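Asks: sequence and predicted structure below; questions after.
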Amino acid sequence: MRSEMVLSAGSWDVAREADRVLIDCDHRHRRRIVLRTEGGQDLLLDLPEAARLHDGDGLLLDDGRIVAVVARPEPLAEIHAHDADELVRIAWHLGNRHLPVQLLAGRMRIRADHVIEAMVEGLGGHVKHIAAPFDPEAGAYAGGQHHHHDDES
């Protein structure tokens with residue numbers, strides 16, 4: 001099987017799903033890779049340029065079928081705080097350490113790391129260990145969405 005196109009989550013008909021691939025965060029930014037589907041088939045992902053695959057995306061096969069991308073659960077630390085100001089302060093410290101962070105409503109997720117978790121708790125945050133898909137922010141220089149500003153001169 002071969003795929004040269006990614007269909008974004010929610011944009012494709014799930015009735016066309018032929019199989020699924022379970023991929024962790026570190027392996028979801030790819031241009032070319034052989035993936036093993038849940039059905040035991042090899043799938044060559046052969047994109048024109050590197051792309052970040054997200055949970056729910058579809059890999060369009062040459063024959064029109066689609067292989068669904070499923071984000072593999074990983075050991076994570078979910079961070080909560082008493083208020084938004086405290087959470088922003090914790091986010092600043094995580095960013096200052098250049099850690100991948102997933103931002104969610106009222107909480108953040110990082111990869112489980114006892115040293116960083118102790119720092120978060122020292123800053124007044126609360127840590128809960130979970131297993132969940134990890135989809136951190138791509139970063140300001142990662143490409144993705146581009147914003148254009150008109151000259152107002």
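Replies: Sure thing, it's come through.

Asks: CA atoms for contacts and neighbours, from now on please.
Replies: Fine.

Asks: quick one: the residue lying closest to residue 81 once chain neighbours are set aside and residue 135, what's the gap?
Replies: Once flanking residues are discounted, residue 81 sits nearest to residue 125: 4.7 Å by Cα to Cα, 6 or more residues apart in numbering. Look at residue 125 and residue 135: by Cα to Cα, to the nearest Å, they are 21 Å apart.

Asks: which one's the longest helix in the protein?
Replies: Using DSSP state H, we find that the single longest helix of the chain is helix 84-96.

Asks: which other residues reach that helix?
Replies: Contact with helix 84-96 is made by 80-81, 101, 106-107, 120, 123-125, as judged by Cα atoms under 8 Å, 6 or more residues apart in numbering.

Asks: in strands, which of these appear?
Replies: Under the assignment DSSP state E, the contacts of helix 84-96 contribute 80, 107 to strands.

Asks: picking up where we left off before, need the CA coordinates for the longest helix of the chain. PDB is fine.
Replies: Provided in PDB are the C-alpha atoms of helix 84-96 (Å, rounded to 0.1, in the frame of the first residue of the first chain):
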ATOM      1  CA  ALA A  84      -5.100  31.100  35.000                       C
ATOM      2  CA  ASP A  85      -2.200  33.400  36.200                       C
ATOM      3  CA  GLU A  86      -0.500  30.500  37.900                       C
ATOM      4  CA  LEU A  87      -0.900  28.300  34.800                       C
ATOM      5  CA  VAL A  88       0.600  31.000  32.600                       C
ATOM      6  CA  ARG A  89       3.600  31.200  34.900                       C
ATOM      7  CA  ILE A  90       4.100  27.500  34.800                       C
ATOM      8  CA  ALA A  91       3.800  27.600  31.000                       C
ATOM      9  CA  TRP A  92       6.500  30.300  30.800                       C
ATOM     10  CA  HIS A  93       8.900  28.000  32.900                       C
ATOM     11  CA  LEU A  94       8.100  25.000  30.600                       C
ATOM     12  CA  GLY A  95       8.700  27.100  27.500                       C
ATOM     13  CA  ASN A  96      11.900  28.500  29.000                       C
END
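
Asks: all set now, cheers.
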